[in-house]
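>>> Generate a structure from the sequence data that follows.
(one chain, ligands or ions: 1)
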Amino acid sequence: MRYISTRGEAPALGFEDVLLTGLATDGGLYVPESLPHFSLEEIRSWRGLSYSELAFKVMHPFVDDAVPADDFRKMLDETYAVFAHKAVAPLVQLDTNEWVMELFRGPTLAFKDFALQLLGRLLDYVLEKRKQHVVIMGATSGDTGSAAIEGCRRCEHVDIFILHPHQRVSEVQRRQMTTVQGDNIHNIAVRGNFDDCQRMVKESFGNQSFLGGKTQLAAVNSINWARIMAQIVYYFHASLALGGPDRSMAFSVPTGNFGDIFAGYLAKKMGLPISQLVIATNRNDILHRFMSGNKYEQHQLEHTLSPSMDIMVSSNFERLLFDLHGRDGLAVKNLLENAAKGPVSIEDYRWKHARKLFDSDAVDDKTTCDTIREIYEQNEYLLDPHTAIGVRAARNCRRDHAVPMITLGTAHPAKFPDAVAESGLSVKPPLPAHMADLFEREERYTVLDNNIAGVQEFIAKHWKNA
Ligand SMILES: *Cc1c(COP(=O)(O)O)cnc(C)c1O
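Numbers count the residues shown, from 1 in each chain. The predicted structure is shown next:
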């Protein structure tokens, strides 16, 4: 399988290089040159497979000979064995033909574990083969950092440095990062804000001379292709559980960077009958505004009760724009260069095509809280604020009640107790058993000044073979 850039000017790469690269040299994102396509008969034959067996069927065409079949099977068995539910991604029924797929049974209680648990293992496998080492450097305001650390904790060929803004992440989120023990795990609390952290990461990728040429940086942010790939699997899993592929499904996806829902779009293109995909956003609603009025325009960032969806632009949307423009990389490059300067639109027929593929909705904090309360009162089932946005959008956008509507449950409610409290409920969502002692575990992190030279010096001194 070969991968090409959405901006048309970077060289095509194989899976291993795409895994290690992240962003293409022309500033674009990598996508498969062509997608595998599965017949209904083939998908039907997957009924009854375990999650990890299904993951093999869906993902092996993308990985190809970078990981031989037997090794890949073993890797997937290990990856999905860490989830705290036998079904890995269990479905919970809310109402007639309405479901939540719980994607928060992994080690950090958010769906990002599905991809990052696999990504850490893939990286280590490929680096072992190549006798290489990488330093992962990332900035986090919450969920991604802990999932990346958990994903890489057992990697022998990876050191991971995660920067978070000192005293500006929630205690649960900080502890999920800083209590993971391992010589290759390094938490840095920067005396600054999230943007300061992100700027340092970006500048360090631009000039890696501080590493002295002895190792290189790698990125695990949501534009990494392997993350998208791993997220395709659970759309097949849900469909097969509810009578697919002989009936089509509808999905509602709490959306920030457009990675998770883009995976659903790919599942459909690969042959899975999906009749509706709903983009559910919070007040940071650039995608909903685009879908409603064909205007792609950045607004100020708003802080909401669903912080993992607080974005100004959705980086993975570029991958959809590439398809909407007939895979013309230069057209995408021009469009996004213009979008950085001000509002842009696309040709009407392309926009209408996008509207055939996706519905959308934006949900504010009050409605999010109302939904948490309503579902609890109806079912004694507690939603986290991100999933609540998905459920509300699913109900607002639903077209056909004969089609099962599945909302992706992206986080465990215990991660966001403030939103639950704000919804007026007096229940407190408990941490699951495997995390119940989180507040007793020993923390390890280093506080550094908001100064890139100091941070780089720390990294150069502390990676494994420094
Ligand atoms: C990351 C995240 C999202 C957004 O997913 P995208 O792939 O960026 O669209 C939604 N909910 C939760 C809980 C998340 O952690």
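>>> After the helix or strand of the chain with the lowest mean pLDDT, heading C-terminal, what element do we hit next?
None of the helices or strands of the chain scores lower by mean pLDDT, DSSP states H and E than helix 194-206, at a mean of 88. Note on helix 194-206: by DSSP states H and E, the next helix or strand toward the C-terminus is strand 216-218.
>>> Could you grab the helix/strand/coil label for Asp124?
Look at Asp124: counting by DSSP: H, G, I helix; E, B strand; the rest coil, its state is helix.
>>> To what extent is it buried, counted in neighbours?
Using other CB atoms under 10 Å, Asp124 has 18 other residues around it. Placement of C-beta: from N, CA and C, glycine included.
>>> Setting the sequence-adjacent residues aside, check what's closest to it.
Cys155 (4.2 Å; CB to CB, 6 or more residues apart in numbering).
>>> Return the residues of this protein in contact with the ligand.
By CB under 6 Å from any ligand atom, the residues of the chain that approach the ligand are 110, 112, 143, 222, 254-260, 308-309, 386, 410-411.
>>> ok, back up a step: so which residues make contact with the least confident helix or strand of the chain?
Helix 194-206 is contacted from outside by 137-141, 163-165, 168, 190, 210, 217, 219, 450, 452, 455-456, 459, using CB atoms under 8 Å, 6 or more residues apart in numbering.
>>> So which of those residues sit within strands?
Secondary structure assignment by DSSP state E places Met137, Gly138, Ala139, Leu163, His164, Pro165, Val190, Leu217 of the contacts of helix 194-206 in strands.
>>> What's the local residue count around the closest residue to the third one other than its chain neighbours?
In this case it means Ala139. Spatially, and ignoring its direct neighbours in sequence, Ala139 is nearest to Cys197 (3.7 Å; CB to CB, 6+ apart). Per other CB under 10 Å, the neighbour tally for Cys197 reads 26.
>>> before we move on, what about the one 10 residues further on?
Other residues within reach of Asn207 by the criterion other CB under 10 Å amount to 9.
>>> Distance check, it against Leu119.
25 Å (CB to CB, to the nearest Å).
>>> returning to that earlier point: can you say which of the contacts of helix 194-206 are buried?
137-141, 163-165, 190, 217, 219, 450, 452, 455-456, 459 (16 or more other CB atoms under 10 Å).
>>> And the helices in the stretch 201-350 of the chain?
225-241, 259-269, 286-293, 317-324, 329-339, 348-357 (DSSP state H, counting those that start in this stretch).
>>> Present those helices as JSON lines; the columns should include mean neighbour count and mean pLDDT.
Shown next, in JSON lines, are these (neighbours: other CB atoms under 10 Å; pLDDT from 0 to 100):
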{"stretch": "helix 225-241", "mean neighbour count": "24", "mean pLDDT": "97"}
{"stretch": "helix 259-269", "mean neighbour count": "23", "mean pLDDT": "98"}
{"stretch": "helix 286-293", "mean neighbour count": "19", "mean pLDDT": "97"}
{"stretch": "helix 317-324", "mean neighbour count": "22", "mean pLDDT": "97"}
{"stretch": "helix 329-339", "mean neighbour count": "17", "mean pLDDT": "96"}
{"stretch": "helix 348-357", "mean neighbour count": "13", "mean pLDDT": "98"}
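>>> Arrange those in a markdown table, one row each, with distance to Gln176 as further columns.
Below are the helices of the stretch 201-350 of the chain laid out as a markdown table (distance: least, CB to CB, whole Å):
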| stretch | distance to Gln176 |
| --- | --- |
| helix 225-241 | 19 |
| helix 259-269 | 20 |
| helix 286-293 | 28 |
| helix 317-324 | 28 |
| helix 329-339 | 34 |
| helix 348-357 | 35 |
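>>> all helices in the stretch 51-200 of the chain, in order from the N-terminus.
Going by DSSP H, counting those that start in this stretch, the stretch 51-200 of the chain shows helices at 51-63, 69-81, 112-130, 143-152, 171-178, 194-206.
>>> then stretch 131-139 to CSV, C-alphas only?
Provided in CSV are the C-alpha atoms of stretch 131-139 (Å, rounded to 0.1, in the frame of the first residue of the first chain):
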residue,chain,number,x,y,z
LYS,A,131,17.5,-0.6,14.6
GLN,A,132,16.3,3.0,15.1
HIS,A,133,15.2,5.1,18.0
VAL,A,134,12.8,8.0,18.1
VAL,A,135,11.8,10.7,20.6
ILE,A,136,8.1,11.4,20.7
MET,A,137,7.5,15.0,21.6
GLY,A,138,3.9,16.3,22.1
ALA,A,139,1.9,19.0,23.8
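>>> got the contact list for it?
With CB under 8 Å, 6+ apart, stretch 131-139 has contacts from 20, 123, 127, 144-145, 148, 152, 157-164, 194, 197-198, 200-201, 204-205, 211, 215-221, 459, 463-465.
>>> how does it look with 7 Å?
Residues outside stretch 131-139 that contact it (CB atoms under 7 Å, 6 or more residues apart in numbering) are 20, 127, 144-145, 148, 152, 157-163, 194, 197-198, 201, 204, 211, 215-221, 459, 463-465.
>>> and if you look at stretch 84-99?
Residues from elsewhere that reach stretch 84-99, judged by CB under 7 Å, 6+ apart: 51, 80, 100-103, 105, 234, 237-238, 241, 375, 379, 381, 401, 404-406, 432, 434.
>>> Go again with 6 Å.
51, 80, 100-103, 105, 234, 237, 241, 404-406, 434 (CB atoms under 6 Å, 6 or more residues apart in numbering).
>>> how far does that stretch stretch from start to finish?
20 Å (CA to CA, to the nearest Å).
>>> Start the count at 33 instead of 1 going forward.
Done: numbering now begins at 33, and the last item shifts to stretch 116-131.
>>> Determine how far it lies from the middle of the whole chain.
20 Å (CA atoms, centre = their mean, to the nearest Å).
>>> Can you show me the strands along the stretch 383-498 of the chain?
391-394, 437-441, 478-480 (DSSP state E, counting those that start in this stretch).
>>> Which among those is found nearest to Glu472?
Smallest distance to Glu472 across those (CB to CB): 21.4 Å, for strand 478-480.
>>> in the closest one, what's buried?
Buried residues in strand 478-480, counted by 16+ other CB under 10 Å: Leu480.
>>> partner strands of that strand, parallel or antiparallel?
strand 217-222 (parallel) (DSSP bridges).
>>> Show me the contact partners of the strand it pairs with.
With CB under 6 Å, 6+ apart, strand 217-222 has contacts from 181, 192-196, 198, 209-210, 228-229, 477-480, 482, 494.
>>> Between which two of the ones in strands among the contacts of helix 226-238 is the distance greatest?
Pro197 and Leu249 (20.4 Å).
>>> Out of the strands of the stretch 383-498 of the chain, which one sits most buried?
Each of those was given a mean neighbour count from mean count of other CB atoms under 10 Å, and the largest, a mean of 28, is that of strand 437-441.
>>> what's the first-to-last distance across stretch 369-376?
Per CA to CA, stretch 369-376 runs 10 Å from first to last residue.
>>> Likewise for stretch 58-71?
35 Å.
>>> With stretch 134-142 instead?
9 Å.
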